[in-house]
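Peer 1: Predicted model follows, preceded by the sequence.
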Amino acid sequence: MGPVQVEIIGGENGNAYVRVPAGSPTQLQGLLHYAQQRPAYGGQCVLVADREALPENWQSLLQGSTLGQVIGWGFEEAVALGCPFIALNSPPAARQYFSEHPFTNTLFLVHAADEPTHTGLLGYMGAPLHQATLQVDLDALRHNLEVHRSALKPGTAVAVMVKANAYGAGLIETGRALERAGADYLAVAYADEGLQLRRAGVACPIMVLNTELAAFEHFVQGHLEPVVYHFPLLKALAGLLEEHQADMPVHLEFNTGMNRLGFETEEAPAVGDFISRQAHIRAATAFAHLAASGAPEHDRFTEQQMAKFAAACTELDRHLGYRPHRHLLNSGGVARFPQYNMDMVRLGIGVYGADETSVLQPKLRTVMQLQACVSQVRTLQPGETVGYSRAGQLPAGARIATLGIGYADGVPRALSRGRHQVLINGQLAPIAGNVCMDMCMADVTGIPDVEAGSMAIIFGTEPSVEVTAERLGTIPYEVFTNVGPRVRRVYLETV
């Protein structure tokens, strides 16, 4: 069959809920095709099928599938298949079954006749249902990864940042997608994030940027690779590894001007000598952070950083007796200094669709779109105002749409009182009054057909994350990572 686009909702415990959008003549085949393409991640594949939606030949379509179980909605009794079949015919039966049978790392293929049935099945299974949604385009994510790869010399390894919930995109499904796309490393900030990926079945190497010895057991359990940035940490880690008789690759960070973390470059000989005497530590890579790779006015400083790093690595190699892989460039560095890509690069914001240098931006695609449903529309009467502090001063007859998203979800209060416009029915509508914790209001006067259930885009292709960040006086990183945990992450992928 041809390409199929699926919609994936990320859930708890590594579970994912997949459907083919309604209207496809091959919905069931598309779901089964997706399941065959996707790794198991240590879990099973379960078809949750609405009897009303199943084609006549559904049983034959399931033959040879990767299904571990079928749950039939609207069935009075079980059907004989090549895998277990659970018949559910009422909401109480569904609630009881899913409450008594916890699932982990399970791929649920949800096949329903209509939207209410689909939503009901998701509710029984415990999937997130909040209608404020961060839509994540995994095809665009892979495209952006390839754009950056094309700027590198062949054979250069790529580490992709998935820290801070994958820049808001959702750690588990984004990490899984990047692993499928061939990322050589995933990089997290803390060991807890790395362990979450391991429990979700992600197998590729994981680098932990902020190493905390309190999380030592996480490193061992998850086969995580710590970044080491000063001697007290290096010596303490060596002692723990000796005590536990455990081997561990480490990544050595050098400070060349970022002045955040890192060995001083003058310490490279001592670092090499110390590690060369350790039985359980091997230096996998050495790296430094560029402080201003996206700013042409600081290019001289960037060149100095590169020179300091190269000199430190030469001394490190000489005292280690071997050569760890080197990496220096981030997304901005790949765009502007590809000649320095060395053995590996670390990609972050560029993969998620934002290029601070503007060099690669024309080639990048939008990955994340934050959107929310209209809950209610009303028309203001003379003298009426909108929201807290009566900050929304609008003329009589203005039409106000209330959106189910607020500053707890990623719409900062600083966007209040017309500072930002959301896109509704193809037109921009200014935010009216003050943004609330769970809701905000938009002036939709003159925009036709806005009603409860209409969709509003907070940022995406339009308005872009760059525009949103400018209005906030910040950077796209902060806009992305401010998207709250209760916002549902929905992934789009073509297989």
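Peer 2: Yep, that arrived.
Peer 1: ok, Q361 - contacts?
Peer 2: The neighbours of Q361, taking CB atoms under 8 Å, 6 or more residues apart in numbering as the test, are 354-355. (C-beta placed from N, C-alpha, C; glycine too.)
Peer 1: quick one: it from G350, how far?
Peer 2: To G350, Q361 is 9 Å away according to CB to CB, to the nearest Å.
Peer 1: which other helices and strands contact the helix or strand that I400 is a member of?
Peer 2: Element membership for I400, per DSSP states H and E: strand 399-403. On a contact count with 3 or more CB pairs under 8 Å, 6 or more residues apart in numbering; DSSP states H and E, strand 399-403 meets strand 368-379, strand 440-443.
Peer 1: So for stretch 466-483, mean pLDDT?
Peer 2: Average pLDDT, stretch 466-483: 97.
Peer 1: Same question for stretch 312-327.
Peer 2: pLDDT averaged over stretch 312-327 gives 97.
Peer 1: quick one: it to chain centroid distance?
Peer 2: 33 Å (CA atoms, centre = their mean, to the nearest Å).
Peer 1: Following the chain onward from the host helix or strand of N165, which element is next?
Peer 2: Counting by DSSP H and E, the element that carries N165 is helix 163-167. Following helix 163-167 in sequence order, the next helix or strand is helix 171-180 (DSSP H and E).
Peer 1: other SSEs contacting that next one?
Peer 2: Against helix 171-180 (3+ CB pairs under 8 Å, 6+ apart) you get strand 5-10, helix 138-149, helix 163-167, strand 185-188, helix 191-199, strand 488-494.
Peer 1: ok and that helix relative to helix 138-149, angle-wise?
Peer 2: 50 degrees (axes from the mean of the first three to the mean of the last three CA atoms, to 10 degrees).
Peer 1: Just the mean pLDDT for stretch 91-109, thanks.
Peer 2: 96.
Peer 1: Show me what counts as buried in it.
Peer 2: 94, 98, 103, 105-109 (16 or more other CB atoms under 10 Å).
Peer 1: Put the alpha carbons of that stretch into CSV.
Peer 2: Provided in CSV are the C-alpha atoms of stretch 91-109 (Å, rounded to 0.1, in the frame of the first residue of the first chain):
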residue,chain,number,x,y,z
PRO,A,91,-18.5,1.5,29.5
PRO,A,92,-18.4,-0.2,32.9
ALA,A,93,-16.8,-3.3,31.3
ALA,A,94,-14.2,-1.2,29.5
ARG,A,95,-13.3,0.8,32.6
GLN,A,96,-13.0,-2.3,34.7
TYR,A,97,-10.8,-4.1,32.2
PHE,A,98,-8.3,-1.3,31.7
SER,A,99,-8.1,-0.5,35.4
GLU,A,100,-7.3,-4.1,36.2
HIS,A,101,-4.8,-4.6,33.3
PRO,A,102,-2.0,-1.9,33.4
PHE,A,103,-0.1,-1.6,30.1
THR,A,104,3.5,-0.5,29.6
ASN,A,105,5.2,0.4,26.3
THR,A,106,2.1,-0.7,24.5
LEU,A,107,1.2,0.4,21.0
PHE,A,108,-2.6,0.7,20.9
LEU,A,109,-4.0,0.7,17.4
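Peer 1: got the CA positions of the helix holding N165 in CSV?
Peer 2: What follows is helix 163-167, C-alpha atoms only, in CSV (Å, rounded to 0.1, in the frame of the first residue of the first chain):
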residue,chain,number,x,y,z
LYS,A,163,16.6,17.3,27.3
ALA,A,164,13.7,19.3,28.8
ASN,A,165,11.1,16.9,27.5
ALA,A,166,12.7,17.1,24.0
TYR,A,167,12.4,20.9,23.9
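Peer 1: on that earlier part again, out of the helices and strands packed on strand 399-403, which is closest to V386?
Peer 2: Within these, the stretch nearest V386 is strand 440-443; the backing value is 5.3 Å (CB to CB).
Peer 1: how far is the closest one from where the chain is centred?
Peer 2: On CA atoms, centre = their mean, the centre of strand 440-443 falls 28 Å from that of its chain.
Peer 1: Equivalent analysis for stretch 367-384, please.
Peer 2: 27 Å.
Peer 1: buried residues in that stretch?
Peer 2: Going by neighbour count (16+ other CB under 10 Å), the buried part of stretch 367-384 is 367-375, 380, 384.
Peer 1: Residues contacting the strand or helix carrying Q29, please?
Peer 2: Per DSSP H and E, Q29 falls inside helix 27-37. Contacts to helix 27-37, defined as CB under 8 Å, 6+ apart, come from residues 1, 4, 6, 18-20, 24, 45, 47, 49, 53-55, 58, 61-62, 65-67, 107, 109, 111, 493, 495.
Peer 1: Give me the sheet partners of whichever helix or strand comes after it and which way each runs.
Peer 2: Using DSSP H and E, the helix or strand that follows helix 27-37 in sequence is strand 45-50. Within its sheet, strand 45-50 is paired with strand 69-73 (parallel), strand 107-111 (parallel), according to DSSP bridges.
Peer 1: pull the CA atoms of the first one into CSV?
Peer 2: Coordinates of the C-alpha atoms in strand 69-73 are reproduced here as CSV (Å, rounded to 0.1, in the frame of the first residue of the first chain):
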residue,chain,number,x,y,z
GLN,A,69,-3.9,-8.9,21.6
VAL,A,70,-7.3,-7.6,20.2
ILE,A,71,-9.8,-5.8,22.3
GLY,A,72,-13.2,-5.6,20.6
TRP,A,73,-15.6,-2.8,21.5
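Peer 1: Show me the contact partners of that strand.
Peer 2: 44, 46-51, 62, 78-79, 81, 83-89, 94, 97, 112, 117, 121.
Peer 1: Helices along the stretch 351-495 of the chain, start to end?
Peer 2: Using DSSP state H, counting those that start in this stretch, the helices found in the stretch 351-495 of the chain span residues 465-472, 476-481.
Peer 1: wait, which of those helices is closest to G272?
Peer 2: helix 476-481 (33.9 Å).
Peer 1: Tell me which residues of that closest one come out buried.
Peer 2: 476-477, 479-480.
Peer 1: Against the centre of this structure, work out the most remote residue.
Peer 2: Most distant from the centre of the chain: P382, at 45.5 Å, with distances by CA atoms, centre = their mean.
Peer 1: ok, now which ones touch the residue nearest the centre of the chain?
Peer 2: By CA atoms, centre = their mean, the chain has its centre lying nearest to A169, at 2.8 Å. A169 makes contacts with 134, 136, 141, 352, 367-368, 480, 489, as judged by CB under 8 Å, 6+ apart.
Peer 1: ok so, going back, out of the strands paired with strand 45-50, which is the most enclosed?
Peer 2: Scoring these by mean neighbour count under mean count of other CB atoms under 10 Å gives strand 107-111 as the most buried, with a mean of 26.
Peer 1: C-terminal to that one, what's the next element?
Peer 2: helix 115-125.
Peer 1: Now the phi/psi pair for the spatially closest residue to K153 that is not a sequence neighbour, please.
Peer 2: Residue nearest to K153 in three dimensions, not counting chain neighbours: N341, with 6.0 Å by CB to CB, 6 or more residues apart in numbering. N341 adopts backbone torsions of phi -70, psi -20, taken as degrees, to the nearest 10.
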